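1. Just the structure for this:
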Amino acid sequence: MHLKTHIQIALGYFLIIALLGVVLRLYQVVDVPVTYRFIVHTHSHVALLGWVYTALTTLLYYCFLQKEPIEKKYRVIFWVTQLTIVGMMVSFPFTGYAFFSILFSTLFLLASYWFCYFFLKNVPASKKQLPSFKLIRISLWYLIISSIGPWALGAIMTTLGSSSPWYRNAIYFFLHFQYNGWFIVAICGIFFVILERYHFTFSRKAFSKFFFLLNAGVLLTFFLSVLWMNPHPVFYLLAVLGGVFQLTAFGMLFLRLFKERALLKHSLSPAVLFLLATSGVFLTVKLAAQCLGAFPLFAQRISSNIDLLISYIHWVFLGVVSIAILAFLKQFQLLRLSGFTYILYLIGFLLTEMLMFYKGVLVWTNGRLFSSYHSLLSAASLLLLIAIAILFLKQFTKKAT
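-> Next up, the predicted model:
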């Protein structure tokens, strides 16, 4: 089983979304002969369903199933899934949401259900009592739950139209349970796999508390997604409570890791530790922003500020999720990553984030952008593209770094 090939494919998607990101930035600078909205759809679908989904499912197979005699079945699922992703990638740029793009999106959902069933069925009994598996199992359920959003969109479009609040809520439902459920909880599960390999254990009571707070937080922070409707105050309270639960859960985890930092330094390479540390810092900022965004003043301002919303989504996607995945791939020797490439990635990421956040603040305060803003944002996005291109090409060199 050439899992490195699967990771190369995932990184290929990562490179494509970086290229599409540059194209989207260039819209404000030069004439680009493609439909902006169609490229946005392509960019988002390939990001979530191409890069992250392919990388995470490959990691799950590596951690739990690679020693089981099921390689052929997994290979079929993998390539069927890739067919649906490529189908989306070649249909969305030309048609947007139309017959073929919807068809391939639907087939992808079915393929993801197939993978979930296959994975949960074939994990050996010896691993099913591990904390890591319990986290992975619930993350896969969040993946399935998130698909309610896309299924609902068809019915909403037919009956209520795209201007209905339910249309926007269905999209937010999907994004929430993808980002906060499937992505973040799966990342926790894979991290626990690493901890378990080095005999870094939690007491049953401590893990149960962490597990409850983490998942209660996932469920309750969904209410952040409906605050744009200015709902009853109880929804704000539930959203704040969810944010506090998640902050507490990760606070417990980080405190325990700090106490056992000597073991971590002995067990993990400096490169992996640095990757995990930066992802952890970005996660902490994300958790704090979540709590802040639950207060009415901020909720109303942020929900109508597209630049702040995109900045937040990119912060989680590029800063928390993608860096954590790179750390795991590096740890399991499925990835070649040099320090120079990672620093270049960080610089490109932080520059684009600062510029998007800056514009969001100006929109909030009715300020004016400086004249070269869009050119500078395009250049920062190009830097990020170069870093990901170098990362991708390194996977085909013979010398490991």
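2. Which strands and helices lie in contact with whichever strand or helix holds residue 176?
-> Here residue 176, judged by DSSP states H and E, is contained in helix 165-176. Where contact means 3 or more C-beta pairs under 8 Å, 6 or more residues apart in numbering; DSSP states H and E, helix 165-176 is packed against helix 131-146, helix 148-159. In this view, the C-beta of every residue, glycine as well, is placed from N, C-alpha and C.
3. I'd like to know which of the ones you listed has the weakest mean confidence.
-> Here the lowest mean pLDDT among those goes to helix 148-159, at a mean of 88.
4. I'd like to know which elements that helix is packed against.
-> helix 99-122, helix 165-176.
5. how about those in CSV, adding mean pLDDT and mean neighbour count?
-> Formatted as CSV, the helices and strands packed on helix 148-159 follow (pLDDT from 0 to 100; neighbours: other C-beta atoms under 10 Å):
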stretch, mean pLDDT, mean neighbour count
helix 99-122, 96, 17
helix 165-176, 93, 18
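6. can those helices go into JSON lines with extra columns for distance to residue 190?
-> Shown next, in JSON lines, are the helices and strands packed on helix 148-159 (distance: least, C-beta to C-beta, whole Å):
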{"stretch": "helix 99-122", "distance to residue 190": "13"}
{"stretch": "helix 165-176", "distance to residue 190": "21"}
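7. and stretch 315-326, C-alpha only, in CSV?
-> Extracted C-alpha coordinates of stretch 315-326, given in CSV (Å, rounded to 0.1, in the frame of the first residue of the first chain):
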residue,chain,number,x,y,z
TRP,A,315,-7.3,30.9,10.2
VAL,A,316,-8.8,27.5,11.1
PHE,A,317,-8.2,25.8,7.8
LEU,A,318,-4.6,26.9,7.1
GLY,A,319,-3.4,27.7,10.6
VAL,A,320,-5.0,25.0,12.8
VAL,A,321,-6.1,22.1,10.6
SER,A,322,-3.5,22.1,7.8
ILE,A,323,-0.5,22.6,10.0
ALA,A,324,-1.7,19.8,12.4
ILE,A,325,-2.1,17.5,9.4
LEU,A,326,1.5,18.3,8.2
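8. Relative to residue 20, which of the helices and strands packed on helix 165-176 is closest?
-> Closest of these to residue 20 is helix 148-159, at 20.3 Å (criterion: C-beta to C-beta).
9. Just want the angle from that closest one to helix 165-176.
-> 160 degrees (axes from the mean of the first three to the mean of the last three C-alpha atoms, to 10 degrees).
10. Now do the strand or helix carrying residue 39, average pLDDT.
-> For residue 39, the host element (DSSP H and E) is helix 36-45. For helix 36-45, the mean pLDDT works out to 94.
11. Give me the helices and strands touching that helix, please.
-> Against helix 36-45 (3+ C-beta pairs under 8 Å, 6+ apart) you get helix 3-26, helix 71-95.
12. Of the ones you listed, flag the one that's most buried.
-> Neighbour counts averaged per stretch over these are highest for helix 3-26, at a mean of 20; criterion: mean count of other C-beta atoms under 10 Å.
13. Report all helices and strands that that helix contacts.
-> Counting by 3+ C-beta pairs under 8 Å, 6+ apart, helix 3-26 packs on helix 36-45, helix 53-60, helix 71-95, helix 373-394.
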